[in-house]
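A.B. asks: Whatever this is, show me its structure:
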Amino acid sequence: MTPTTDRVDTIVAQWSAERPDIDVSPMQVIGRLHRLADHLRDELLAVYRRYGLGEGEFDILAALRRAGAPFAAAPGELARHTMVTTGAVTKRVDRLVASGLVVRDDDADDGRARVIRLTSAGRRVIDEAYTAHIANEQRLLAGLDPDQRRALETLLRTWGASLGV
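C.D. replies: Take a look at the predicted model:
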């Protein structure tokens, strides 16, 4: 490999030689995105772990924090905002309750319903973790200039919309 080639180039070249009947050019994009996603996940998780959180716990705390005061939401609402099942939300909330970062409360508008609410410790943790998270994302994007970032945002938004995600 040279400074202008990477593992994906090598894999594409190998497949092109072995299967010249197939256009393997999609691997140039998908292969790189897959490798980047794995790397980014590792880098993001390292920050969450510094605050005693996993990805799921960070997502729940972030959803509650960005909801604004009173920093509470129903489990179903959290499931929609974190794109996981209510069962997964329950497991994450159980861990956060055990660590004192959230509590389960009665819903003020519906006494039969329950909401998940940030504790003061939870708000402190997510505020610190989110600040570190954004600094980490800035670091991870530092190799792109502002025009490249905007172009990538546009491409990813367009591609995501075409796939319905």
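
A.B. asks: CA atoms for contacts and neighbours, from now on please.
C.D. replies: OK.

A.B. asks: got a list of contacts for the least confident helix or strand in the chain by mean pLDDT?
C.D. replies: Sorting the helices and strands of the chain by mean pLDDT, DSSP states H and E puts helix 75-82 at the bottom, at a mean of 86. Residues from elsewhere that reach helix 75-82, judged by C-alpha atoms under 8 Å, 6 or more residues apart in numbering: 59-60, 63-64, 85-86, 89-90, 114-116.

A.B. asks: list the buried ones in it?
C.D. replies: Neighbour counts over helix 75-82 (16 or more other C-alpha atoms under 10 Å) mark 75-79, 82 as buried.

A.B. asks: Go through this protein and flag its longest helix.
C.D. replies: helix 26-50 (DSSP state H).

A.B. asks: what's that one packed up against?
C.D. replies: For helix 26-50, the packing partners by 3 or more C-alpha pairs under 8 Å, 6 or more residues apart in numbering; DSSP states H and E come out as helix 7-18, helix 55-66, helix 120-140.

A.B. asks: Run the angle between the first one and helix 26-50 for me.
C.D. replies: Pointing back at helix 7-18 there. Helix 7-18 runs at 150 degrees relative to helix 26-50, counting by axes from the mean of the first three to the mean of the last three C-alpha atoms, to 10 degrees.

A.B. asks: distance between helix 7-18 and the chain's centre?
C.D. replies: 30 Å (C-alpha atoms, centre = their mean, to the nearest Å).
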